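Chemist: kindly generate the corresponding structure for this input.
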Amino acid sequence: MEFALSADQQMLQDSLRRALARACPLERVRRVADHDEALDRDVWRTLCELGVPALLVPEAFGGLGLSLLDAALVAEELGRHVAPTPFLGSAVLAPLALRETGSAAQQDEWLPRLAAGECIAGVAIAEAVAGARDGASVTAANGRLDGSALFVLDAGAADFFIVADRAGGLHLVRADAAGLRRSALRSIDAMRPLGELHFAQVKAEPLPGASAATLARLRNAGWSLLAADTLGAGEAMLGQAVAYAKERRQFGRVIGSFQAVKHLCAEMAAALEPGRALVWYAAHAFDALPDEAALLAAHAKAHLSETGTFIARTATEVHGGMGITDLLGLHYWFKRIGCNRQLLGGPERVRQLAAEMQGLATV
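Modeler: Predicted structure coming up:
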């Protein structure tokens, strides 16, 4: 059986690649990083014009009603261009949470606005998925939240948040809620808008259909999309390394003619290519094979985390001393891959969870 992208999916990816090449060149990435913004409104506007925020919103709410595989193709292109936009939280996890567990009123209020790109949603599920850090966790009682959440996705310009509590429930919190304090969370990836949230008796709206299964679905989607983002970033670094090897001359020859450099490039390509099928199939399974989705998403996240790290290191080595300078900008992709590795759980934790899923390890 052949598993391949449809003509529409290929067109989506090609259109997005061309649009991002125009809207998000390296000069723009560098400018955003220098100003610590982690969000470029012009790039986000380009994505909105292409319908990216509407991908996973049902058609009844003005969305496109597409699959997670379509979202993975978008994530791959965003990783390829290290685009400074809110995507994983606002265009993927928040719509999924609302469409699957939100009340009719919550869906009517927020899903059409998300689809149109009129608002941005932050998602705080890191503690529930990857384990609490520094004592951070959120408790819910009597419609109020207390505690703190770290590594909140797309937090910087969010109009509302989807927040997981310690018991696995999900809540909708408006950004202007009394008692809520948010701040930017600096990470190695200046292109990803992460944040911290601190709650002091903050009024929250529970998502009535939320359960442990819902949180697991959000985790699976997050793992698959982070793997897709790393795939795109790895492809970009590999392409830059090959192009540099064809141009850089030493001892009267291009360095790509040296066997050692050839082997480095070949090893990167051989390591990265199998990850494409793994990522695409994990994203496909989210909608088509739900019983297999968790394990496939775990494999994709863990494998691409390790492969991406190898690509980032090796591509930098091919560039020699130039690879660690700001001139070429390789470090933006290097840092994107490093950030993706740890978000929602590093490969060690993800493999542990995968082992538990298969009964190979105990909690």
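
Chemist: please pull out the lowest mean pLDDT helix or strand from the protein.
Modeler: Of the helices and strands making up the chain, the lowest-confidence element is strand 249-250, at a mean of 87, by mean pLDDT, DSSP states H and E.

Chemist: what residues does whichever helix or strand comes after it touch?
Modeler: Next helix or strand after strand 249-250 toward the C-terminus (DSSP states H and E): strand 253-254. Contact with strand 253-254 is made by 245, 246, 247, 248, as judged by CB atoms under 8 Å, 6 or more residues apart in numbering. From N, CA and C alone the C-beta is placed, and that goes for glycine too.

Chemist: C-terminal to strand 253-254, what's the next element?
Modeler: Sequence-wise, the next helix or strand downstream of strand 253-254 (DSSP H and E) is helix 259-288.

Chemist: need the pLDDT of the residue nearest to residue 22 when sequence neighbours are not counted.
Modeler: Counting by CB to CB, 6 or more residues apart in numbering, residue 22 lies nearest to residue 46, which is 8.0 Å off, once chain neighbours are set aside. Predicted confidence (pLDDT) for residue 46: 95.

Chemist: pretty sure residue 46 sits against residue 23.
Modeler: Yes. With contact defined as CB atoms under 8 Å, residue 46 reaches residue 23; the gap is 4.2 Å.

Chemist: so where is this structure shaky, pLDDT-wise?
Modeler: Residues of the chain that meet the criterion pLDDT under 70 lie in 1-2, 132, 363.

Chemist: and with 50 instead?
Modeler: For the chain, no stretch has pLDDT under 50.

Chemist: so what's residue 81 up against?
Modeler: Residue 81 is in contact with 20, 21, 24, 29, 232, 236, counting by CB under 8 Å, 6+ apart.

Chemist: list the contacts for the fifth one?
Modeler: Neighbour list for residue 232: 75, 76, 77, 78, 79, 80, 81 [criterion: CB under 8 Å, 6+ apart].

Chemist: now do the last one
Modeler: Contact partners of residue 236, counting by CB under 8 Å, 6+ apart, are 79, 80, 81, 82, 333.

Chemist: from those, which is closest to residue 14?
Modeler: For those, the residue nearest residue 14 by CB to CB is residue 80; the value is 12.3 Å.

Chemist: in which helix or strand would I find the nearest residue to the closest one once chain neighbours are set aside?
Modeler: Once flanking residues are discounted, residue 80 sits nearest to residue 232: 3.8 Å by CB to CB, 6+ apart. Element membership of residue 232, judged by DSSP H and E, is helix 212-247.
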